[in-house]
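Engineer: sequence first, predicted model second:
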Amino acid sequence: MRVKRKQNKQRPLKGRGFLSMELALVLPIFAIVMFALVEFTLLFYARADVVEASRIGARLATMPGITQQNVEAEVKKILPPQLGQGAVIKTEMGKHSGDVVMVAVSIPMTLASPNLLWPVGYNLKGQNLYSETRMIKE
């Protein structure tokens, strides 16, 4: 019994570069979307840290006998180290019970995220994450 072998037939080159062209068109858009996803996720997490630090600092500032240095030290302790190094903390301490105290925390966005989208025109330089909390002194 003789086995019949199939002959290798080559396909025509018609449509051969189509997949490469699709990849070349879609890959940059996909990369921008992925970079944006990473950058905005990091910024949202950092914003949550800034808001929490501001709230805890304001809560501490409402207590009697607390100084401005105590509040700033507590806020920097709550922030992650990479954010705490560039934090600008402003406080307004009330003198009497019933006065309004204010703690504002501002952090450059470049400390929170690697600035991945500058090639498409979204630059984080010069922009800050900011949170301000006001409470009444006890």
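Structural biologist: Ah, there it is.
Engineer: okay, CA-based contacts and neighbour counts for the rest of this
Structural biologist: Will do.
Engineer: the residue nearest to Val105 when sequence neighbours are not counted sits in which helix or strand?
Structural biologist: Among residues not flanking Val105 along the chain, Ile89 sits closest, at 4.7 Å (Cα to Cα, 6 or more residues apart in numbering). Using DSSP states H and E, Ile89 maps to strand 88-92.
Engineer: can you list the buried residues in the helix or strand just after that strand?
Structural biologist: Downstream of strand 88-92, the next assigned helix or strand under DSSP H and E is strand 100-108. Buried residues in strand 100-108, counted by 16 or more other Cα atoms under 10 Å: Val100, Val101, Met102, Val103, Ala104, Val105, Ser106, Ile107, Pro108.
Engineer: could you export these as TSV, including distance to Val120?
Structural biologist: Conversion of the buried residues of strand 100-108 to TSV gives the following (distance: Cα to Cα, whole Å):
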residue	distance to Val120
Val100	43
Val101	41
Met102	37
Val103	35
Ala104	31
Val105	29
Ser106	26
Ile107	23
Pro108	20
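Engineer: contacts only, for the residue nearest to Val105.
Structural biologist: Ile89 sits next to Glu72, Val103, Ala104, Val105, Ser106 when contact means Cα atoms under 8 Å, 6 or more residues apart in numbering.
Engineer: returning to what we had before: what angle do the strand holding Ile89 and strand 100-108 make?
Structural biologist: Here the directions of strand 88-92 and strand 100-108 differ by 170 degrees (axes from the mean of the first three to the mean of the last three Cα atoms, to 10 degrees).
Engineer: quick one: strands adjacent to strand 88-92?
Structural biologist: strand 100-108 (antiparallel) (DSSP bridges).
Engineer: export the strand it pairs with to PDB, keeping only CA atoms.
Structural biologist: The C-alpha trace of strand 100-108 is given here as PDB (Å, rounded to 0.1, in the frame of the first residue of the first chain):
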ATOM      1  CA  VAL A 100     -12.100  77.000  63.200                       C
ATOM      2  CA  VAL A 101      -8.900  75.200  62.600                       C
ATOM      3  CA  MET A 102      -7.700  74.500  59.100                       C
ATOM      4  CA  VAL A 103      -5.100  72.000  57.700                       C
ATOM      5  CA  ALA A 104      -4.100  72.100  54.000                       C
ATOM      6  CA  VAL A 105      -1.800  69.600  52.400                       C
ATOM      7  CA  SER A 106      -0.400  70.100  48.900                       C
ATOM      8  CA  ILE A 107       1.900  67.600  47.100                       C
ATOM      9  CA  PRO A 108       3.400  67.900  43.600                       C
END
